[in-house]
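predicted coordinates and the sequence they were generated for:
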Amino acid sequence: MKTYPNLELATHDRVLVVTINRPERRNAIDGETARALYEAFTDFDADGDLDIAVLTGAGGAFCAGFDLKSLSEGVGENPVQPGGVNSLGPVGPTRMTLSKPVIAAIEGHAVAGGMELALWCDLRVMGDDAVFGIFCRRFGVPLVDMGTIRLPRLIGASRAMDLILTGRPVDAAEALQIGLANRVAPAGGALDAAIALADELSRLPQTCMRNDRQSMLAQWSLDEDSAIAHEMKLGLATIASGESVAGATRFTQGSGRHGRPE
């Protein structure tokens, strides 16, 4: 398997686990790590043997965000510059739109740019003692990894404004209540729970799941008529792939009835 600076990669069947490995900096992202994450997820998206990725951090922390120490020292400076969709973001992949889902497995702190990195993921699994927070508010460091865009879309404008203005910590119970977290696991169990969820997603028909996901992501930038047309285009592509007919056949043969998993 290809190696990337400051990252550890492992596979579980068709699931890729990407671990940020800078525990001495609480997995804060410097320029080298940002580029490594960008390249790792670019390669994941192109790999036909992988369906789902899980992103986590080493040493009991998810990510402390932008590496302020390296920035203050002028070493490994992150790419704080204008950039559009799929350009390199300050903490790496946050401007990318992948064709496959990514799940964040969060222990400890996911704060500042680390919270933005978690928001980039499709789903978030938190340990029950983990913490979110826009802690960069305390230091005058802006949100430039789409935090001001994704957070209100995820939890609503009023709640997002509270978190963005105050920078206060958000524990796992509140995160689950407001939709910031999708699952809460016992402390230390977020990665196992995220891998189990990734395995569950990997067993589903992939063309249909990915196309429905793509339609949902694209609709934010489309007017209603365009969103309807795009949804139908992707739906027809799914049907043309043969997945829908194969699934209907399994159903008529008794598979998955009454909400049972296959």
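Thanks, I have the structure now. Everything quoted here is computed from the prediction, not taken from an experiment. Numbering: from 1, shown residues only.

next secondary structure after the worst-scoring helix or strand of the chain on mean pLDDT?
Ranked by mean pLDDT, DSSP states H and E, the weakest helix or strand in the chain is helix 68-73, scoring a mean of 71. Note on helix 68-73: by DSSP states H and E, the next helix or strand toward the C-terminus is strand 102-106.

neighbouring strands of that next one in the sheet, and parallel or not?
Sheet pairing for strand 102-106, assigned by DSSP bridges, gives strand 52-57 (parallel), strand 123-127 (parallel).

might you report the residue contacts of the spatially most central residue of the chain?
With distances taken as CA atoms, centre = their mean, the residue of the chain nearest its centroid is residue 121 (1.0 Å). By CB atoms under 8 Å, 6 or more residues apart in numbering, the contact set of residue 121 is 55, 102-104. In short, each C-beta sits where N, CA and C put it, glycine included.

mind running it again at 6 Å?
Residue 121 sits next to 55, 102, 104 when contact means CB atoms under 6 Å, 6 or more residues apart in numbering.

now the stretch 51-200 of the chain, which segments are flagged as low pLDDT?
Counting by pLDDT under 70, the stretch 51-200 of the chain has low-confidence residues at 71-79.

please, where are all the strands along the chain?
Ranges of strands in the chain, per DSSP state E, are 7-12, 15-20, 52-57, 102-106, 109-111, 123-127, 131-133, 170-171, 183-185.

to residue 66, which of those lies closest?
When those are compared by CB to CB, strand 109-111 sits nearest residue 66, at 10.2 Å.

who are the packing partners of the closest one?
Applying 3 or more CB pairs under 6 Å, 6 or more residues apart in numbering; DSSP states H and E, we find strand 109-111 packed against strand 131-133.

quick one: the strand it packs on to chain centroid distance?
15 Å (CA atoms, centre = their mean, to the nearest Å).

same check, this time on stretch 173-183
Worked out by CA atoms, centre = their mean, stretch 173-183 lies 15 Å from the chain centre.

just checking the distance from the biggest helix by length in the chain to the centre of its chain.
Ranked by residue count, the top helix of the chain under DSSP state H comes out as helix 224-241. From the chain centre to the centre of helix 224-241 is a distance of 24 Å (CA atoms, centre = their mean).

give me the contacts around that helix.
207-208, 211, 215, 218-219.

which among the residues you listed gets closest to residue 161?
Checking the contacts of helix 224-241 one by one against residue 161 (CB to CB), the nearest turns out to be residue 219, at 22.9 Å.

could you measure from the closest one over to residue 85?
Using CB to CB, to the nearest Å, residue 219 is found at 15 Å from residue 85.

more neighbours, the two?
Comparing residue 219 with residue 85 by other CB atoms under 10 Å, the one with more neighbours is residue 219, at 15 against 8.

which residue is the nearest non-sequential neighbour of that one?
residue 227 (4.2 Å; CB to CB, 6 or more residues apart in numbering).

you'd agree residue 130 is up against residue 174?
No - between residue 130 and residue 174 there is no contact under CB atoms under 6 Å: 11.4 Å.

so which of the two has more stuff around it?
Neighbours were counted for residue 130 and for residue 174 using other CB under 10 Å; residue 130 has more, 27 against 16.

so what's the more buried one closest to, chain neighbours aside?
residue 106 (4.8 Å).

hmm, back to that, out of the strands paired with strand 102-106, which is closest to residue 91?
Shortest separation from residue 91 across the strands paired with strand 102-106 is recorded for strand 52-57, at 11.3 Å, computed as CB to CB.
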